[in-house]
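Novice: Below are the sequence and a predicted model; questions follow.
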Amino acid sequence: MPICQIAGVDEVGRGCLFGPVVAAAVILSESQAQSLWQAGLRDSKRLSPAQRLVLDRRIRSETNQWRLGLASTIEIDRLNILQAALLAMKRAVLKFDPLPSECWIDGNKTIPFLDLPQKTIVGGDNTCPSIAAASVLAKVWRDQLMERLALQYPGYGIEQHKGYGTAQHRSALQTLGYSPLHRRSFRVKE
């Protein structure tokens, strides 16, 4: 009888003005889930950057059953942010070989055109260890990407706000204009 492998799926970067949306899918055994939960694993938004880094390393050391997917700013502008986030999730899940037997997704939307059983869990990143692990891995990876991209696009403060629409970021947009990685569908009103 095959082992049921459930992938927890979450994304980060939906509310950003800059850069891709990043998704992760994570499969944890019961013991891995319990160990990580006891170590403080929760939704990445509830953790400090230092806590996220520690948990990111621990997740990666406890399981190799994780995958990342992303959707570019061009795809976000073409599809809309929700569809681009779901596309990033689909890309992450489809990188598994073999595919998981089921996906548990943070939120209330299933992934279109993914021929696997899916369960949506609103607030799943606070209650389901595999979804919380996906949240942490996606957040850490995206934040590190933003720090690298900040060197290519100086002046926007991306290393601090990670692409979110802070006052600093909006002010920089007024002064510097849009870079190639800014989402055009998220234009700041002038």
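Specialist: Structure received.
Novice: going forward, measure contacts between C-alpha atoms and count neighbours the same way
Specialist: Will do.
Novice: Now for L114: which residues touch it?
Specialist: Listed by Cα atoms under 8 Å, 6 or more residues apart in numbering, the contact set of L114 reads K90.
Novice: what's the answer for the one 5 residues further on, then?
Specialist: Each residue near K119 by Cα under 8 Å, 6+ apart is listed here: 102-105, 110.
Novice: where's the closest residue to Q83 other than its chain neighbours relative to F113, distance?
Specialist: Using Cα to Cα, 6 or more residues apart in numbering and skipping the chain neighbours, the partner closest in space to Q83 is I76 (7.7 Å). Here the criterion is Cα to Cα, to the nearest Å. By it, I76 lies 18 Å from F113.
Novice: returning to what we had before: the contacts of K119, buried ones only, as a PyMOL selection?
Specialist: Filtering these down to the buried ones (16 or more other Cα atoms under 10 Å) takes a single PyMOL command:
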select buried, resi 102+103+104+105+110
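Novice: Take the contacts of K119 and keep only those in strands.
Specialist: 102-105 (DSSP state E).
Novice: could you dump these to CSV with pLDDT?
Specialist: Output for the ones in strands among the contacts of K119, formatted as CSV (pLDDT from 0 to 100):
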residue, pLDDT
E102, 97
C103, 97
W104, 98
I105, 98
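Novice: Break down this structure into its strands, ranges please.
Specialist: Using DSSP E, the strands of the chain run over 6-12, 21-27, 66-71, 102-106, 118-121.
Novice: would you list the ones you listed in CSV and tack on distance to L86?
Specialist: Formatted as CSV, the strands of the chain follow (distance: least, Cα to Cα, whole Å):
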stretch, distance to L86
strand 6-12, 8
strand 21-27, 8
strand 66-71, 9
strand 102-106, 10
strand 118-121, 12
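Novice: Q34 is nearest to which of these?
Specialist: strand 21-27 (12.8 Å; Cα to Cα).
Novice: ok, that closest one: who's next to it in the sheet?
Specialist: Sheet pairing for strand 21-27, assigned by DSSP bridges, gives strand 6-12 (antiparallel), strand 66-71 (antiparallel).
Novice: can I get the CA coordinates of the first one in CSV?
Specialist: What follows is strand 6-12 as a C-alpha-only set of coordinates in CSV (Å, rounded to 0.1, in the frame of the first residue of the first chain):
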residue,chain,number,x,y,z
ILE,A,6,0.5,15.3,1.7
ALA,A,7,2.2,18.4,0.5
GLY,A,8,1.5,21.7,2.4
VAL,A,9,1.5,24.6,0.0
ASP,A,10,1.8,28.4,0.6
GLU,A,11,3.0,31.5,-1.2
VAL,A,12,4.6,34.8,-0.3
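Novice: Could you single out the most deeply buried of the strands paired with strand 21-27?
Specialist: When you average the neighbours per residue for each of the strands paired with strand 21-27 (mean count of other Cα atoms under 10 Å), strand 6-12 leads with a mean of 28.
Novice: Return the mean pLDDT over that strand, rounded to an integer.
Specialist: Across strand 6-12, the average pLDDT comes to 98.
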